[in-house]
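A predicted structure for the sequence below; I have some questions about it.
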Amino acid sequence: MKSLTTFIHQPKGILKILQFTSRCAHSLNRDHNYDVIVVGGGHAGAEASSAAARMGCRTLLVTHKKETVGEMSCNPSFGGIGKGHLMKEIDALDGLCARICDISGVQYKILNKRKGPAVWGPRAQIDRLLYKSHIQRELFENTPNLRVMEAPVEDLLTEPSVDTSALRRCCGIILGDGTKVRGKTVVLTTGTFLKGQINIGLEVRPAGRIGDAPSIGLANTLEELGFRMGRLKTGTPPRLDGSTINYKVCEAHKGDDPPVPFSFMNDSVWIKN
């Protein structure tokens, strides 16, 4: 099975349209006017909406399903070579993922330990349900200034730009039922959902991921604005039936003892190794 994620090519001449910052001349009532609108409730969307709300911005997170906010991929791990450094950088900016991993992991291990500290890669295997539960509690209950809305985003509200380096500027979103929601800044964290598709053998079908619909209208809007769309393959591997594996001939790789936390804010993780 393969799921495809969509990327956006940024052509010269409409550079600033990706900033999606504007002051709209028109507004709806206060409930439909935000400082920051984040589209997509995956890892990037959780971090973006949390960061904006913590900075005091009136923030709206729009996602297809509230119950999938913070949903981990089929490979439930965080960090590793390269990505572990990224998590440290997010944590230094008071992000969520490192702190949540420290209360959701089932095994913690520093990779590349045979080499110098500059190339060490902290990694954790995560309990998917625990991680999602903690992320949702953080966003839904412990983040002032943040509203979470369950709705598909089908289009962007744009208007002519006063800046000569950009053709148009974005000032909000249009939901699947036609509702217009205005915002000074729109952040797209749509992941695999922009015209996403899943390939299983020779079968190809539209999907953001299994069980979720893709975002077709929003992808069409970006194309009409001049962005070149493409896909990157995630390449989900096949599953192995644990009952068919002879573990006696396998080499065990245990977690670190004691486990090293991801977050600079923590001295230890929630479990003992």
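Here it is on my side, so go on.

shaky segments in the stretch 151-273 of the chain?
Applying pLDDT under 70 to the stretch 151-273 of the chain flags the ranges 164-166, 235, 273.

which residues of it fall in strands?
Along the stretch 151-273 of the chain, the stretches classed as strands by DSSP state E, counting those that start in this stretch are 153-160, 168-175, 180-188, 197-200, 203-206, 228-233.

and the fourth one, what's buried?
To tie it back to what came earlier, the one meant is strand 197-200. By neighbour count on 16 or more other C-beta atoms under 10 Å, the buried set for strand 197-200 is Gln197, Ile198. No exception for glycine: its C-beta is placed from N, CA and C like everyone else's.

the fifth one too?
By 16+ other C-beta under 10 Å, strand 203-206 has no buried positions at all.

from the chain's centre, how far out does that strand sit?
Distance, stretch centre to chain centre, for strand 203-206: 23 Å (C-alpha atoms, centre = their mean, to the nearest Å).

partner strands of it and their direction?
Each strand paired with strand 203-206, and its direction, by DSSP bridges: strand 197-200 (antiparallel).

helix or strand for Glu47, which one?
Following DSSP states H and E, one finds Glu47 within helix 43-54.

mind listing the strands the very next helix or strand once past that helix pairs with, and their directions?
Next along the chain after helix 43-54, taking DSSP H and E as the criterion, comes strand 59-63. Using DSSP bridges, strand 59-63 pairs in its sheet with strand 33-39 (parallel), strand 146-150 (parallel).

what angle sits between the longest one and strand 180-188?
Just to be clear, that refers to strand 33-39. If you take axes from the mean of the first three to the mean of the last three C-alpha atoms, to 10 degrees, strand 33-39 sits at 50 degrees to strand 180-188.

kindly report the same for the last one.
Strand 146-150 and strand 180-188 are oriented at 100 degrees to each other (the same axes, to 10 degrees).

CA atoms of strand 146-150 as PDB?
The C-alpha trace of strand 146-150 is given here as PDB (Å, rounded to 0.1, in the frame of the first residue of the first chain):
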ATOM      1  CA  LEU A 146      -7.700  28.200  20.000                       C
ATOM      2  CA  ARG A 147     -11.000  26.900  18.500                       C
ATOM      3  CA  VAL A 148     -11.100  23.600  16.700                       C
ATOM      4  CA  MET A 149     -13.700  23.300  13.800                       C
ATOM      5  CA  GLU A 150     -14.600  20.000  12.100                       C
END
